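S.K.: pasted the sequence and its predicted model underneath.
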Amino acid sequence: MELMEIWKNFSDRMAEVELFHRAARESAQNELNEIQVYATMLKDNSELKELPSSLHNMTFYNARTGTVEVYHHKKHSIEDRLLHVLLHKNKQYQWLLAEAYEEFEDYLENVYAYCGIGDTALWPLQDYGTISLIELPQKDFSWFAEQAKKKKYIPHSILNKLRLWFPQLKSIEINNKFNVNLWLAITLIEKLRHIIVHRGGKVDNKNLFVENITKACGLFNNGNIAQEHIGFISSFFGKDEYTNLILLLEMRIHPEVPIGIHICLFEKLTGYLMAYALLIFEEVDSHQRKKNA
C-alpha cells in the first residue's frame, strides 16, 4: 500500500465520521426547534402549563410470566427535554470522537507498516518477530501491517518511534499555528476515548485525570502543571454538576458580539487529529523521497 493511499483511506473514514457528526447536530437542532415551538404554544394556553411536556414508561417482558413490567416512569418538563436533547447530542459526539481516534490508530499502524517495508533499518529488531532477515524481501505490506498491530502500548509506542525518526514532529508539536501543544492534544484525545468507551464519558476525579495526562506526555514537572495545560484539558469538560463530564458541544464565544459565534469542541479535537496525521504523512513522505533520490 502506498503512503498516499493510506492517507486517503484515513481521510475518507474521517470524512464519514464528520458527516455523522453533522447529521447528529442537525437532528438535535430540529428537535430543539420543535420543543421551542411547543414552549411558545404553552405560553398561549395557560390550561396546559401544568401538564408535563412528555411522559415515558420504561418496560420489559417478564421471562417467567410474559407480562409487561414497568421498571421506570419519567415526566419531562420543557426544560428537562431541552437538557435531554443536549446531553444526547453530547453522547453522540463522544462516541464519534472515540471512533475518530480509533481511525487515527489504524492510520498510525498503517504508516508504521509503510515505514518498515520502505526502510527496514527503521524498525527495531523485535518488531519483526521470529522471522529471519533474509525472509524480509518476500514479505508484503499486509505482513508488515500485522506486525505493526502486534506492538505493545499502541499508539504511544508507534508515535514515540515516529517522533524519534522525524524530530520535526516534536518541534511542530510545540510551535504551531494552533498555539496548542499537539502532543498534549493527541494524548488527551486518547484518554478521552478510553473514558468514553469504558466510563460513559465521565471521569471520577478530573484533577487526577489532568495529572495522568500530563504525566503521560512529560508535562507533569514534579507536580507543577502549567496552568495553560490544566485550562486546555478542562475546556473539554462541563461546569458545576457536569464538571466531570466530557463536553464536546458547540460553545458560544465572544458573547459581547450580538451575532452568535460558536466553536465546536468536537471539531477542534478531530481537527487536531487530522493536522497531526498530515504532519506524519509529510514527514514520512519527505523521508522516502530523500531515500529514493
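M.R.: All right, it came through fine.
S.K.: gap between the residue positioned nearest the centre of the chain and residue 265?
M.R.: A centroid search over the chain (Cα atoms, centre = their mean) returns residue 97, at 3.1 Å, as the residue closest to the centre. For residue 97, the distance to residue 265 equals 9 Å [Cβ to Cβ, to the nearest Å]. Any C-beta I mention is one placed from the backbone N, CA and C, and that applies to glycine too.
S.K.: now the common contact residues for these two.
M.R.: residue 248 (Cβ atoms under 8 Å, 6 or more residues apart in numbering).
S.K.: what about residue 15, which helix or strand?
M.R.: helix 3-43 (DSSP states H and E).
S.K.: about what we covered before: the helix or strand hosting the residue nearest to the centre of the chain: what's the following helix or strand?
M.R.: Here residue 97, judged by DSSP H and E, is contained in helix 78-118. Next in sequence after helix 78-118, counting helices and strands by DSSP H and E, comes helix 141-149.
S.K.: and for the next helix or strand after that next one, what are the contacting residues?
M.R.: Counting by DSSP H and E, the next helix or strand C-terminal to helix 141-149 is helix 156-165. Helix 156-165 has contacts (Cβ under 8 Å, 6+ apart) with 108-109, 111-112, 115, 122, 148, 151, 169-170, 186, 190, 216, 280, 283-284, 287.
S.K.: same deal with stretch 5-12?
M.R.: With Cβ under 8 Å, 6+ apart as the criterion, stretch 5-12 contacts 103, 104, 106, 107, 110, 111, 114, 274, 277, 278, 281.
S.K.: buried subset of these?
M.R.: Among the contacts of stretch 5-12, the ones that count as buried by 16 or more other Cβ atoms under 10 Å are 103, 104, 106, 107, 110, 111, 114, 274, 277, 281.
S.K.: ok so, going back, tell me how far the residue nearest to the centre of the chain lies from residue 14.
M.R.: 11 Å.
S.K.: same thing with residue 208?
M.R.: 31 Å.
S.K.: circling back: emit the PyMOL select command for whichever of the contacts of helix 156-165 are buried.
M.R.: Buried residues among the contacts of helix 156-165 (16+ other Cβ under 10 Å), as a PyMOL selection:
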select buried, resi 108+109+111+112+115+122+148+151+169+186+190+216+280+283+284+287
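S.K.: any stretches of the stretch 51-200 of the chain with poor pLDDT?
M.R.: Of all residues in the stretch 51-200 of the chain, those with pLDDT under 70 make up the ranges 51-53.
S.K.: okay, and the common contacts of residue 97 and residue 14?
M.R.: residue 270.
S.K.: show me the contacts for residue 170.
M.R.: 163, 183.
S.K.: state whether it is indeed within a strand.
M.R.: No. Looking at residue 170 with DSSP: H, G, I helix; E, B strand; the rest coil, it is helix, so not inside a strand.
S.K.: what's the separation between it and residue 22?
M.R.: 34 Å.
S.K.: and for residue 266?
M.R.: Taking Cβ to Cβ, one finds residue 266 at 10 Å from residue 22.
S.K.: for the stretch 151-293 of the chain, just list every one of the helices.
M.R.: 156-165, 167-174, 182-199, 206-216, 227-234, 265-292 (DSSP state H, counting those that start in this stretch).
S.K.: pretty sure residue 55 is touching residue 74, no?
M.R.: Yes. Because the distance of 7.4 Å satisfies Cβ atoms under 8 Å, residue 55 is recorded as touching residue 74.
S.K.: bridging residues for the nearest residue to residue 250 once chain neighbours are set aside?
M.R.: Leaving aside its sequence neighbours, residue 250 sits nearest to residue 262 (Cβ to Cβ, 6 or more residues apart in numbering; 4.3 Å). Under DSSP bridges, the beta-bridge partners of residue 262 are residue 252.
S.K.: where does residue 262 land on pLDDT?
M.R.: Here, the pLDDT recorded for residue 262 equals 78.
S.K.: just list the residues touching the closest residue in space to residue 129 that isn't next to it in sequence, thanks.
M.R.: Sequence neighbours aside, residue 147 is the residue nearest to residue 129 in space, at 6.3 Å (criterion: Cβ to Cβ, 6+ apart). Neighbouring residues of residue 147 by Cβ under 8 Å, 6+ apart: 113, 116, 127, 128, 129.
S.K.: what subset of the residues you listed is buried?
M.R.: 113, 116, 127, 128.
S.K.: okay then, goodbye and thanks.
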